[in-house]
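**Q** coords below, sequence missing:
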RNA sequence: CUGCCCGUAGCUCAACUGGAUAGAGCAACGGCCUUCUAAGCCGUAGGUUACAGGUUCGAUUCCUGUCGGGCAGGCCA
């Protein structure tokens, strides 16, 4: 429909010999009902070029376009907007699309089935997942669903930093617990992890448990002095726990990549050598530096320390080279904003390889911190101190649906406050129930109408004339735009906001109008409308990984 | 000191990326269940969009500066 309108405008411009950019044609969905179903600001934009008043230009456009069967009228409003009002034929055409596409309504093929990877969560295997990881999981998983719906072939990936110093700290912490050294003792590792979960790992280790992760079996020997075994078992234990938490959060991954795998076969060495050969390095103070300043950084960074080991971002560069070689046209990394400084370094490293990677590859979605409050006090999230709110606690207390909704309903780059007490005690007031309730209400009506969603046919909907009805029709035919917007802006929260608005419009309608009425014709029209609404709510919730119950 | 993010109703947040009268939910007040699910609806009240300039037909949105909050700035990860 938008395409149709912009073609009409293009044709008009050609007729008047006006030269325009395709980008200059903006088709909007006005928020006010009496501003029509679509609007364009083309006349305002052309005002300067044509040296005419916007309303005069708009008038010529409207006269040229004339009448069209899909529109009941075109109107010039405000400073010079042209508003398009759908005719009932136009509405029928739009509603037919909903019923013919069903669970695919709203989807598009803008991605052209190209391959896209989204990496998210990527928590270190040094502790349980906390609420911050939950935000990453929710945003990343929703983005994956959204991009699939936009015609991308999506791979969801989790990267484990299982090779750094913090892993040694983990092993040492578990070993200390095995030796009955408590975190308060002076002997406890200085940078050790002090949380109670370390005790759980130690106990499991003592009992010689076996854990299977990603198809591999890890067996605890129970030997207190076997640090290598303690390390491997601890990682397996925590990875397994993280995967379970994520599964309970309806978040799954296609690929798990381990940082340790890049230390095999001299992969890091050869990448560093390539960068060296390309003259993007220099030696200073007995260390090897990367000239990141040539790629926009404010100072150069050490790649290889004087002791011969590599700094943390070097494996990241290798990992991203690996992603590139796997053929991903686009890679989106969802991370906490506290890691934003790595963006420049990773991109710089990839540029220094000189293998044709675009400057702005990979892309990043950064989410800001989640603050947790309980009893009106902030709960500090500190893994080392052992006090934090785990994702698993949150899911069991608040529920998967509500937690997911809450964590994606705000844009990623603003900080959010998660009030545990509110989420727990007043869980019925959580907005997600509001949306699900609208769906459940429709299902109840349909079941009493003995109306299966399968045999609806859109026919005459001229009887749908109330303000609520027109508003709802306008809203549901807007859905495909929102799906596209959420992808282009990499922002799932647009869907959350949209669904809440749609549910609100429906609840108003529900209170105003009855559906199971004697007037068979009107009844049929209304049933058609609410069935379409149910389809849209289902599709929208599905893109957010939230269930759409038929009864509540 | 430098870079990035944020600042909107008492609180938590939106605002279709520059559009028309800045909107929801909590909290407050007043109404609506004999009728398809009241986890709902309707109404009242609540705003100098942190502040000061600039850009233009038009700014919560873009630019500059100031103030305030957060996060980074390591041969830690």
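**A** Perfect, thanks for sending it. On a predicted model such as this, the values are computed, not experimentally measured, just so you know. Numbering: from 1, shown residues only, chains lettered A, B, ... in the order given.

**Q** next structured bit after the helix-or-strand element of chain A with minimal mean pLDDT?
**A** Least confident helix or strand of chain A, by mean pLDDT, DSSP states H and E, is helix A:420-425 with a mean of 75. Toward the C-terminus, helix A:420-425 is succeeded by helix A:431-448 as the next helix or strand (DSSP states H and E).

**Q** Report the buried residues of the least confident helix or strand of chain A.
**A** A:420, A:423 (16 or more other CB atoms under 10 Å). From N, CA and C alone the C-beta is placed, and that goes for glycine too.

**Q** what do you get for stretch A:541-549?
**A** For stretch A:541-549, by 16+ other CB under 10 Å, it's A:541, A:543, A:544, A:545, A:546, A:548.

**Q** Would you mind reformatting the residues you listed (as a markdown table) and adding columns for distance to residue A:28, secondary structure and pLDDT while you're at it?
**A** Below are these laid out as a markdown table (distance: CB to CB, whole Å; DSSP: H, G, I helix; E, B strand; the rest coil; pLDDT from 0 to 100):
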| residue | distance to residue A:28 | secondary structure | pLDDT |
| --- | --- | --- | --- |
| A:541 | 26 | helix | 97 |
| A:543 | 23 | helix | 97 |
| A:544 | 25 | coil | 97 |
| A:545 | 29 | coil | 97 |
| A:546 | 28 | coil | 97 |
| A:548 | 29 | coil | 96 |
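
**Q** which of these lies closest to RNA strand B?
**A** Minimum distance to RNA strand B across those is 11.2 Å, recorded for residue A:548 (CB to the nearest atom of the strand).

**Q** what does the stretch 201-350 of chain A put close to RNA strand B?
**A** A:284-287, A:298-299, A:301-302, A:305-307, A:309, A:311-312, A:337-342 (CB under 7 Å from any atom of the strand).

**Q** Next step: these restricted to strands.
**A** Judged by DSSP state E, those include A:284, A:287, A:301, A:302 as members of strands.

**Q** what's the farthest-apart pair in the residues you listed?
**A** Put simply, by CB to CB the two of these set farthest apart are A:284 and A:301, 11.5 Å from each other.

**Q** So for these two, which residue has more residues nearby?
**A** Counting neighbours by other CB atoms under 10 Å for residue A:284 and for residue A:301 shows that residue A:301 has the greater number, 18 against 9.

**Q** For residue A:516, grab phi and psi.
**A** Residue A:516 adopts backbone torsions of phi -90, psi 80, taken as degrees, to the nearest 10.

**Q** since we're on the nearest residue in space to it that is not next to it in sequence, how many residues are nearby?
**A** Excluding its sequence neighbours, the residue lying closest to residue A:516 (CB to CB, 6 or more residues apart in numbering) is residue A:449, at 5.8 Å. Neighbours of residue A:449 under the rule other CB under 10 Å: 16.

**Q** As a check, name the ranges of all helices in the stretch 251-400 of chain A.
**A** Ranges of helices in the stretch 251-400 of chain A, per DSSP state H, counting those that start in this stretch, are A:267-277, A:313-325, A:341-353, A:391-398, A:400-408.

**Q** residues in the stretch 351-500 of chain A within reach of RNA strand B, list them.
**A** Counting by CB under 7 Å from any atom of the strand, the stretch 351-500 of chain A sits next to RNA strand B at A:368-369, A:409-411, A:413-417, A:422, A:428-429, A:431, A:433-434, A:437, A:440-441, A:443-445, A:448, A:481, A:485, A:489, A:491, A:493-494, A:497, A:500.

**Q** would CSV of the ones in strands among the residues of the stretch 201-350 of chain A next to RNA strand B with pLDDT be doable?
**A** Shown next, in CSV, are these (pLDDT from 0 to 100):
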residue, pLDDT
A:284, 92
A:287, 94
A:301, 95
A:302, 95
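
**Q** nearest to residue A:93, of these?
**A** For those, the nearest to residue A:93 is residue A:301 (57.2 Å; CB to CB).

**Q** In ChimeraX, how would I select the buried members of the residues of the stretch 201-350 of chain A next to RNA strand B?
**A** Applied in ChimeraX, the following selects the buried portion of those according to 16+ other CB under 10 Å:
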select /A:301,302,311,342
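
**Q** thinking again about what came up before, shouldn't the residue nearest to residue A:516 be in contact with residue A:528?
**A** No: in this structure residue A:449 lies outside contact range of residue A:528 using CB atoms under 8 Å: 11.1 Å.

**Q** Where does the prediction get shaky in chain A?
**A** The model of chain A has pLDDT under 70 over residues A:22-23, A:381-388, A:425-428, A:451-457, A:460.

**Q** Need the nearest residue in space to residue A:271, chain neighbours excluded.
**A** Nearest non-adjacent residue to residue A:271, counting by CB to CB, 6+ apart: residue A:318, 4.9 Å away.

**Q** What separation is there between that neighbour and residue A:142?
**A** Distance from residue A:318 to residue A:142, counting by CB to CB, to the nearest Å: 29 Å.

**Q** Tell me which of the two has more neighbours.
**A** Ranked by neighbour count (other CB under 10 Å), residue A:318 and residue A:142 place residue A:142 first, with 26 against 23.

**Q** Now for the more buried one: which residues touch it?
**A** Contacts for residue A:142 were tallied using CB atoms under 8 Å, 6 or more residues apart in numbering; they are A:404, A:408, A:492, A:495, A:543, A:544, A:545.

**Q** Please apply the same query to residue A:262.
**A** With contacts defined as CB under 8 Å, 6+ apart, residue A:262 is in contact with A:268, A:315, A:318, A:319, A:322.

**Q** Three-state assignment for residue A:31, please.
**A** At residue A:31 the chain is in coil, as set by DSSP: H, G, I helix; E, B strand; the rest coil.

**Q** hang on, residue A:64 packs against residue A:15?
**A** Yes: look at residue A:64 against residue A:15 with CB under 8 Å: they come within range, at 6.0 Å.

**Q** what's the nearest residue to residue A:101 if we skip its chain neighbours?
**A** residue A:107 is the one closest to residue A:101 (CB to CB, 6+ apart), at 7.4 Å.

**Q** give me the element the one you found is part of.
**A** Assigned by DSSP H and E, residue A:107 belongs to neither a helix nor a strand.

**Q** again with residue A:230
**A** Secondary structure assigned from DSSP H and E places residue A:230 in helix A:227-248.

**Q** same thing with residue A:76?
**A** Applying DSSP H and E, one finds residue A:76 within strand A:71-77.

**Q** What strands line up against that strand, and which way round?
**A** Here strand A:71-77 is paired, per DSSP bridges, with strand A:81-86 (antiparallel).

**Q** what's the strand it pairs with in contact with?
**A** For strand A:81-86, using CB under 8 Å, 6+ apart, the contacting residues are A:5, A:30, A:35-44, A:58, A:61-62, A:70-77, A:94.

**Q** anything in it near RNA strand B?
**A** Yes: using CB under 7 Å from any atom of the strand, strand A:81-86 reaches RNA strand B at A:81, A:83.

**Q** Just the buried ones out of the residues of the stretch 351-500 of chain A next to RNA strand B, please.
**A** A:368, A:409-411, A:416, A:431, A:433-434, A:437, A:440-441, A:443, A:445, A:481, A:491, A:493-494, A:497, A:500.

**Q** Can you give me the domain assignment for chain A?
**A** Following the assignment in automatic domain parsing, chain A carries domains at A:2-86, A:92-107+A:430-543, A:165-248.

**Q** Residue A:498 contacts residue A:481, doesn't it?
**A** No: with contacts counted by CB under 8 Å, residue A:498 stays clear of residue A:481, the gap being 9.3 Å.

**Q** what subset of the buried residues of stretch A:541-549 is also close to RNA strand B?
**A** Of the buried residues of stretch A:541-549, not one also sits near RNA strand B (CB under 7 Å from any atom of the strand).
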